[in-house]
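1. Let me see the structure of the following:
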Amino acid sequence: MNVWEDEAARSAILKTGRRRLIVSGLLTEACVTFPVLSALAEGFDVFVVGDACGGLTPVSHDLALPRMEAAGARVTSWIQVLLELQRDWTRRATYDQARAIVEAHGGGYGIGLAYARDMIHPA
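-> Here you go, the predicted structure:
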């Protein structure tokens with residue numbers, strides 16, 4: 001339940017030399033919370049992608065997120081992570097892939113991107 005206690009996984013993370021983690025997964029109450037709390041205890045900067053996690057029940061998921069946040073994790077969303085990596089829509093190397101994800105899963109924002117692509121800036 002705590003991947004941080006798996007020496008191979010923990011060693012692989014430490015070997016990267018990076019101190020910032022982005023975490024999501026199933027069973028927010030345990031399999032996400034436990035490694036997040038462990039990494040925070042070792043001084044890592046941890047982001048939890050709350051809407052890319054799933055709990056046993058909506059209530060237990062919703063209770064696990066503030067527990068991690070109170071310990072120092074920062075809760076974010078999948079769209080925030082994607083847009084932070086994309087930075088802006090003039091970044092052509094990843095534009096098509098990022099836009100496709102947002103159009104498929106980003107609700108109204110995705111519809112707006114599709115509209116801009118097709119009506120404002122047609123090919």
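2. Phi first, then psi, for the residue sitting nearest the centre point of the chain.
-> In the chain, the residue lying closest to the centroid (CA atoms, centre = their mean) is Val49, at 3.4 Å. Val49 has phi and psi values of phi -90, psi 90 when expressed as degrees, to the nearest 10.
3. quick one, what contacts it?
-> The contact partners of Val49, by CB atoms under 8 Å, 6 or more residues apart in numbering, come to Ile22, Val23, Ser24, Thr76, Ser77, Trp78, Val81. Every C-beta, even on glycine, is put in place using the N, C-alpha and C of the backbone.
4. For Glu69, see how far away Val48 is.
-> Distance, Val48 to Glu69, by CB to CB, to the nearest Å: 8 Å.
5. Likewise for Cys53?
-> Computed as CB to CB, the Cys53 to Glu69 distance reads 13 Å.
6. Which of those two has more residues huddled nearby?
-> Taking Cys53 and Glu69 together and counting by other CB atoms under 10 Å, Cys53 has the greater number of neighbours (22 against 14).
7. and stretch 89-101, how far out from the chain's middle?
-> A distance of 18 Å separates the C-alpha centroid of stretch 89-101 from that of its chain, computed with CA atoms, centre = their mean, to the nearest Å.
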